[in-house]
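Colleague: fold the stuff below for me.
(one chain, ligands or ions: 2)
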Amino acid sequence: MKYQSFLIKYAEIGVKGKNRGLFEEALVRQIRLALKRCEGKFRVSRTSGRIFVDALEEYDFDEVTGELGTVFGIVGICPVRILEVMEPEELKKAVVAFFGEEYPERAGRTFKVRTRRLAKNYPLDSQELNAELGEALLEAYPELQVDVHEPQIVMHMELRERVYLYSHVLPGLGGMPVGSGGKAMLLLSGGIDSPVAGYMIAKRGVKLDATYFNAPPYTSERAFQKVVDLAKEVARFTGPIYLHNINFTEIQLYIYEKCPHDELTIIMRRYMMRIAEAIAKRTECQGLITGESIGQVASQTMRSLAVTNAVCTLPVFRPLIGFDKEEIITVSKKIGTFETSIQPYEDCCTIFVAKHPVTKPILDVIARHEHNLDEKIDEMVERALATDEILIVDRDHVRVLKKAEEPLQEGM
Ligand code: ATP
Ligand code: MG
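Modeller: Ligands and ions are numbered 1, 2, ... in the order given. Presented below is the predicted three-dimensional model:
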């Protein structure tokens, strides 16, 4: 084994006191989940403000670092060589050898040594160790230069019950571990934006549930499959997502029949928000998430957003609000949802869309026109809520928790 352990770096700013403990626990839980998917046995431990992943068996380096690279909250992953504690002379040789392996190209590079001595009985203190090891490295590799202020390479050594050597840092995703920040309901369509929006909120430690509005037979089974595929891709980072598939056809047709056509989209959006919020409250979500961005389409002008927002009592998180489409696409490519998002399957909104939708809706006017729906809309909303289909979508499998039309049970 080239590396026996990984030191997990995480951002500590803002997570102090009791919160820090919760943050670390959530991070350790997520790391363990990620490692379950890897060959080999590992021990994850928290010691003196650090998290280590020790390999107890052979493992695949790329697999492990790849999986750890999907865990929010990790800022950096340092592969660690562990050695038994040894006399200073032997230790110098070991550090020189490790450095040589880690950096075969050394010409003109600057470095420093940083030691942490937790084993207080070692004959040299950390200052002395820094100096001695630095000297040994310069002697072995005269092409190097010392720079204590802004070195290109930091050679770390921690003296514990054993010696930990590390230098490389593989970048992590940053953010906060999922589960440290509550839960929110993502309105997930088959488009480019909403999976990115979900990813961004989850990155702050928030667990995701999702709701999709389906309009069969106007939308196909394939369109739903696309949404499931997107949820799978987002689940690579967030863990399993409870996906609620709502049959929206009846409501859409009713709105189409009763309301002015230039207001269809906005009224439809208001019903989506109402229904998503009802599910969110039932499933103890603390907010809603959408992929809206100011001015992207008629239903996302400042006024349209205000009119849509007016039906919600939970906070609505719109992490893409100030993003251009190009910026959203960049993230969607990075997280791997782009290729699925651009598959050409019809969405329920595109089918019932008006030629000239209002861009400056007025709340009172929209609310008045919604009264045209008074006769049947409440029962339709109840029916939509009662007949949802619930899937548990994880990266590599999907399980049906409740079929459409089945009665709802406690805890769903
Ligand atoms: P996306 O934003 O996902 O790319 P879009 O741009 O077509 O799709 P809009 O129709 O503008 O989305 O809707 C804005 C937001 O409303 C979406 O980002 C999504 O959060 C939500 N939304 C739209 N359609 C649906 C749907 N069929 N099911 C669930 N949520 C939806
Ligand atoms: Mg959009």
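Colleague: now do the contacts for Asp193.
Modeller: Gly291, Glu292, Ser293, Gln296, Leu320, Ile328 (C-beta atoms under 8 Å, 6 or more residues apart in numbering). To be clear about C-beta, it is placed using only N, CA and C from the backbone, and glycine gets the same treatment.
Colleague: filter these by proximity to ligand 1?
Modeller: Counting by C-beta under 6 Å from any ligand atom, Gly291, Glu292 from the contacts of Asp193 sit close to ligand 1.
Colleague: what's around the one residue in the stretch 1-150 of the chain that gets nearest to ligand 2, how many residues?
Modeller: Using C-beta to the ion, the closest approach of the stretch 1-150 of the chain to ligand 2 is made by Phe72 at 23.5 Å. Residues lying near Phe72 (other C-beta atoms under 10 Å) number 26.
Colleague: before we move on, what about Val53?
Modeller: 22.
Colleague: following element in sequence after the longest strand along the chain, please.
Modeller: Counting residues, the longest strand in the chain under DSSP state E turns out to be strand 74-83. Downstream of strand 74-83, the first helix or strand assigned by DSSP states H and E is helix 88-102.
Colleague: what does that next one contact?
Modeller: With C-beta under 8 Å, 6+ apart as the test, helix 88-102 has contacts from 81, 83, 86, 113, 123-124, 129, 132-133, 136-137, 140-141, 155, 157, 163, 165, 167-168.
Colleague: show me those residues that map onto strands.
Modeller: Among the contacts of helix 88-102, the members found in strands (DSSP E) are Arg81, Leu83, Val113, Met155, Met157, Val163, Leu165.
Colleague: beta partners for the fourth one?
Modeller: The reference is to Met155. The partner list for Met155 in beta bridges (DSSP bridges) reads Val113.
Colleague: help me confirm that it comes into contact with Leu133.
Modeller: Yes. With contact defined as C-beta atoms under 8 Å, Met155 counts as touching Leu133 (7.2 Å).
Colleague: residues shared between the contacts of these two?
Modeller: With C-beta under 8 Å, 6+ apart, Met155 and Leu133 have common neighbours Val95, Val113.
Colleague: so the closest residue to ligand 1 within the stretch 1-150 of the chain: helix, strand or coil?
Modeller: Closest approach between the stretch 1-150 of the chain and ligand 1, counting by C-beta to the nearest ligand atom: Phe72, at 20.4 Å. Using DSSP: H, G, I helix; E, B strand; the rest coil, the structure places Phe72 in coil.
Colleague: ok, then the element right after the helix or strand of the chain with the lowest mean pLDDT?
Modeller: Every helix and strand of the chain was ranked by mean pLDDT, DSSP states H and E. The lowest is helix 348-351, at a mean of 62. Downstream of helix 348-351, the first helix or strand assigned by DSSP H and E is helix 363-370.
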